[in-house]
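Peer 1: Compute the structure for the input listed below.
(chains A and B)
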Amino acid sequence: MRPRSVNRAGLTALLPIVPSHATVLGHLVAGLPGGEDSPFARLESTHFARLVVLPPQHYPAAKKPDNLPACLLFASEFDISAAGYLDLLCARMPETADSIFEHCSGYPGVSSPPAFGRWMLQHRIKAGFSVHGNAHATVGWIRRSLALRERLIEFAVANRGANPSALREAWAEQDWDPEPEPVPAYEPRAIAVGPAPTPSPGSTPVRQDDLQGNILCGYGRKYGYGLYVFAKVVHPKAAAAWIGAQAERVTTARPWAQPPQATFNLAFTCEGLRRLGVERRILESFPVEFREGMAKRAGRLGDTGASSPSKWEKGLAGAHVLVTVMAQCAETRDAHRLELEAALSAGGFSVTACQETALDENGHEPFGFRDGISQPPIRDPKAGPTRRDGDGVPLRPGEFVLGYEDEGGCLAAGPGERGEFGRNGSYVVVRKLAQDVDGFWSYMREQAGPDRGRQEWLASKIVGRWPDGTPMTLSPDLPGALGSDREALNKFRYAGDANGLRCPIGAHIRRTNPRDTLDRGGRLSRRHRIIRRGMPLEGERGLMFACYQASIERQFEFVQELWCGDGSAFGLGDEADFLAGLEGGKMTVQGIPPTLVPLKRFVTMRGGDYFFAPGIATLHTIGLGPEGSRE
Amino acid sequence: MPTDRQISPITVFSPIRRWWGWWLWASWLIADRSALVKAGVLRLGFIHVAHWALVTRRPASAIDRPRERLSPPYVLFQSNYDGVAEDYIETFAFKVPWHIRGMWGGGYGFPGPRPPSEFVHFVIDQAVEAKEHYYAAYPRGTVRSVRAALKLQPRFQEFREQAENMNDVEFAAAWQRFLTREQRNL
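Peer 2: Numbering: from 1, shown residues only, chains lettered A, B, ... in the order given. Just a heads-up that it's a prediction; the model follows:
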């Protein structure tokens, strides 16, 4: 049956609340059951409905400011006429209507639907301009269509590769009129109002002597042996003094006259800064995601099941300080480890975890794919790579370092008064990821068959690049076509591959850096770039993922949650990234015919946290300790 | 389901200059009937429903009482959208700056659509955070997945009818063709 065309209608009413009833009404409204049990679920033509207890509105800057008194905002979107909807409301949810609307002035009760309708329509606010994403389908039709789509996806995944008779049999057994799934309850997501952004006075060169190294400009492949030391502050005073003493030792972004044998960098969690005596008002000016830390944000990051914080390795989350060393050889790194462990213990810290990393000699990550090819180019030519190592338009440094102009045209806001504490700092996300390499390739064999070339093809489609780094969108059939030059491997867009027939729309590299997939100029993608500085684990199969950004929420979390954990932005529904470590659902490898690969977990989160890598001047401030930490 | 993404609502009250209310009233008469004006917003692909309305009078306390004129008037913006609020508003600023000027141009404190960070702050600051109840009939159906499902439905029924008279081999081939044709909707 085809959908009947409908005329969508909406009703918004501002109902005055009886003086002094606003608090009671607020509790009543917030206490209404949600989802399937919502009273509006009884009105089957309701697409969306909202009851909001609005506080009084007052705008003193206006010429003659009036108060808009506290009101109840009732807004609903439905498939029938407003009068018919209100009649239905009286009939289907009379008790709820009475309990809520009786706190509004002039409420006539639902016993007389015409009077109720007149009252509601008297307070109606008519929309002047409206847009509807899907205006011509009823609620029932949308819900049934979504259920059928889910059923078709399940069927296609379950019967991939089935022989004709088995396929036909499975088809016949299937119920092709599935019931829509129950409506889950709405879980509100707070909208954080941060400080007002500061308009940028224009681009200024990055102060390399105050910026820690490895942020805008990487240390390079020469420094192939890494060490991540996680520590807790035991004696705050001594620990702060140790930090202050190390400030000059920290490797900065200033060009080297003589390359060191090893680099040395420091970063802190919010709790670490607190223990080191940073003032409360400064701590409170850090963004909420940094204050909460990674473990508390696990739900939105997809760190659930085997990746949930309760299963993380001890010591990686909840640390206070992260010391990173990048060395030219393993011996130097190991010597630093011994020295650091002793120095930290003597300096008022207790080491909670140590993780060694080492670059693969070919620059490949454990699944066997060349890594670290695409990094954002930076607009300040002295501070970071411009075009050579990057792709697309160079980004303003404020996307990664606080205190500089960002792509939104404002100064990247830093903590502290006038952002002084954060100046030349950057947020670091560190995640230890275990990779089930054998499981991954045996799954490729299971999905693609015994042919090794076919397995590599499928894995490359999932990643978006061949193992040697050749992008699928430039060379969908053969690896190695472009050589190994990073610039050549990065010079591409997705405009000519809108249907994903070359590089799948849900491929890992296309999700994490969609380039021009979302808009022609790639401007929307540029607001969500990160600088990756990860390295494979030593002695284990996995990756120490590390990335730098000016806003963890807008950059890392956004990419992880909305681009990797979900496919809506790319028109893929709730399809997640195959490598995001989520289970359930599928990935579509577009083709003729398409290949549907069920998602399975091969990447497991082992622990990590959100850190702040301050500028050198701020390190000195932290070094002053609990008594001296002032801006 | 890999994630629990959901549709979210936002309600924004923005005080405006009175003359701007007249402009809105007049421009909406044309704009609300123009598919061309709406196309830019709809192309964004994450708005289920969005309404802009003028609030020029206080709600009357009784049905027979006159509704007093409000100073300043307000623009009431309500939307049901996919994703997160900050990104939603920033995308608006990047992609449809003229719509934004047309809606909020006469608003007190309106910074303009660029730089987007200032506009995002302007809207978020005026968004209503209050006790509420929200219901969405298909909270996991994003705009794009609803569109895909609606496209898929009739094509599936057509395929289903045709499949009834096919033998196994014909059916398997037809299923592959169906999958190939509909892969963007699955």
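
Peer 1: how about low-confidence regions in chain B?
Peer 2: Applying pLDDT under 70 to chain B flags the ranges B:1-5, B:61-67.

Peer 1: run the last query once more with 80
Peer 2: Residues of chain B meeting the criterion pLDDT under 80: B:1-6, B:59-68.

Peer 1: In it, where's the longest strand?
Peer 2: Ranked by number of residues, the top strand in chain B under DSSP state E is strand B:69-82.

Peer 1: which helices and strands sit right next to that one?
Peer 2: strand B:7-15, helix B:18-31, strand B:47-57, helix B:97-104 (3 or more CB pairs under 8 Å, 6 or more residues apart in numbering or on different chains; DSSP states H and E). Backbone N, C-alpha and C define where each C-beta goes, glycine included.

Peer 1: now with 6 Å?
Peer 2: strand B:7-15, strand B:47-57 (3 or more CB pairs under 6 Å, 6 or more residues apart in numbering or on different chains; DSSP states H and E).

Peer 1: what angle sits between it and helix B:18-31?
Peer 2: 50 degrees (axes from the mean of the first three to the mean of the last three CA atoms, to 10 degrees).

Peer 1: In JSON lines, list the helices and strands packed on strand B:69-82 along with mean neighbour count and distance to chain A.
Peer 2: Output for those, formatted as JSON lines (neighbours: other CB atoms under 10 Å in any protein chain shown; distance: least, CB to the nearest CB, whole Å):
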{"stretch": "strand B:7-15", "mean neighbour count": "22", "distance to chain A": "4"}
{"stretch": "strand B:47-57", "mean neighbour count": "21", "distance to chain A": "4"}
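
Peer 1: about what we covered before: I'd like the next helix or strand past the longest strand of chain B.
Peer 2: For strand B:69-82, the following helix or strand on the C-terminal side (DSSP states H and E) is helix B:85-95.

Peer 1: quick one, that next one and strand B:7-15 angle?
Peer 2: Going by the same axes, to 10 degrees, helix B:85-95 makes 70 degrees with strand B:7-15.

Peer 1: and helix B:85-95, what other elements does it pack with?
Peer 2: Under the contact criterion of 3+ CB pairs under 6 Å, 6+ apart, helix B:85-95 touches helix B:116-126.

Peer 1: quick one: the residue of chain B most remote from its centre and chain A, what's the gap?
Peer 2: The outermost residue of chain B, judged against the average C-alpha position, is residue B:167 (45.7 Å), by CA atoms, centre = their mean. According to CB to the nearest CB, to the nearest Å, residue B:167 and chain A sit 8 Å apart.

Peer 1: how about the nearest residue to the residue of chain A found nearest chain B, chain neighbours excluded?
Peer 2: Proximity of chain A to chain B (CB to the nearest CB) peaks at residue A:409, 2.5 Å away. Leaving aside its sequence neighbours, residue A:409 sits nearest to residue B:115 (CB to CB, 6 or more residues apart in numbering or on different chains; 2.5 Å).

Peer 1: pretty sure that neighbour is touching residue A:408, no?
Peer 2: Yes: Residue B:115 is in contact with residue A:408 according to CB atoms under 6 Å; the separation is 5.3 Å.

Peer 1: And the two? Which one has more around it.
Peer 2: residue A:408 (27 against 20; other CB atoms under 10 Å in any protein chain shown).
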